[in-house]
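> need a structure here:
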Amino acid sequence: MSGFNLLHLITKSQPVALRPCSLPSGARRTKKTWPVSFSQEELKERLTPMQYHVTQERGTESAFTGTFTHHKEEGTYACVVCGASLFSSSTKFDSGSGWPSFFDLMQEESVALSNDFSYGMHRVETTCSQCGAHLGHLFDDGPKPSGKRYCINSASLAFRPKDAARQPAAEGGSVGSSAEGDKSEF
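Residues are numbered from 1 along each chain as shown. The predicted model follows:
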């Protein structure tokens, strides 16, 4: 029986009162409220289709297909959209999930968290706190000491090797490589 037919049966037999629930709405800030913003035209030109889909449309890449899933080089993982430093390679671990996973942030304020109720479940969405780019999700099944697992799409990340990690990408430094090719430039 379809959801409509079931709802019709319920509402025919008894009135249904709609009331607000106590759960957070899952609404998040619009792109206009982030400290750094880019036009959609610029992002479509600068990012690959997968990078755009993940960061701007809250998409996800298929498990085990991302550039940084098995990446082991030392350095810094940054936001592919704005270049903000997000994760250190020293906090990266193999979670077996098929996406790059980190147990801690470079700085507490580098990632914004919001509730995500898509697909009929509750998850905690992670976004870049500077530009609002969708990164992935946060789970509480990571290793000690934090117990956190930041499950991040490779397409939302760029990588700066250890030697280049001192120079911020947003201030003219180049990011060593980005997921899905080297299309994005800051």
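> use CA for all of it now, contacts and neighbours both
Noted.
> quick one: least confident helix or strand in this protein?
When the helices and strands of the chain are compared on mean pLDDT, DSSP states H and E, helix 3-13 comes out lowest with a mean of 42.
> who's in contact with F87?
When contacts are counted by CA atoms under 8 Å, 6 or more residues apart in numbering, F87 touches T76, Y77, A78, F102, D104, L105, M106.
> Quickly find the element holding it.
strand 85-88 (DSSP states H and E).
> helix or strand right after that strand?
Using DSSP H and E, the next helix or strand after strand 85-88 towards the C-terminus is strand 92-93.
> Please name every helix or strand in contact with that following strand.
strand 101-102 (3 or more CA pairs under 8 Å, 6 or more residues apart in numbering; DSSP states H and E).
> Now the residue nearest the centre of the chain: phi and psi?
Centroid-nearest residue in the chain: L135, 1.2 Å away (criterion: CA atoms, centre = their mean). Dihedral pair for L135: phi -110, psi -50, per degrees, to the nearest 10.
> Please verify my assumption that it contacts S114.
No: look at L135 against S114 with CA atoms under 8 Å: they stay out of range, at 11.7 Å.
> what's the overlap in contacts for these two?
Jointly contacting L135 and S114 under the rule CA under 8 Å, 6+ apart are E125, T126.
> where exactly do the helices run in the protein?
3-13, 40-46, 49-57 (DSSP state H).
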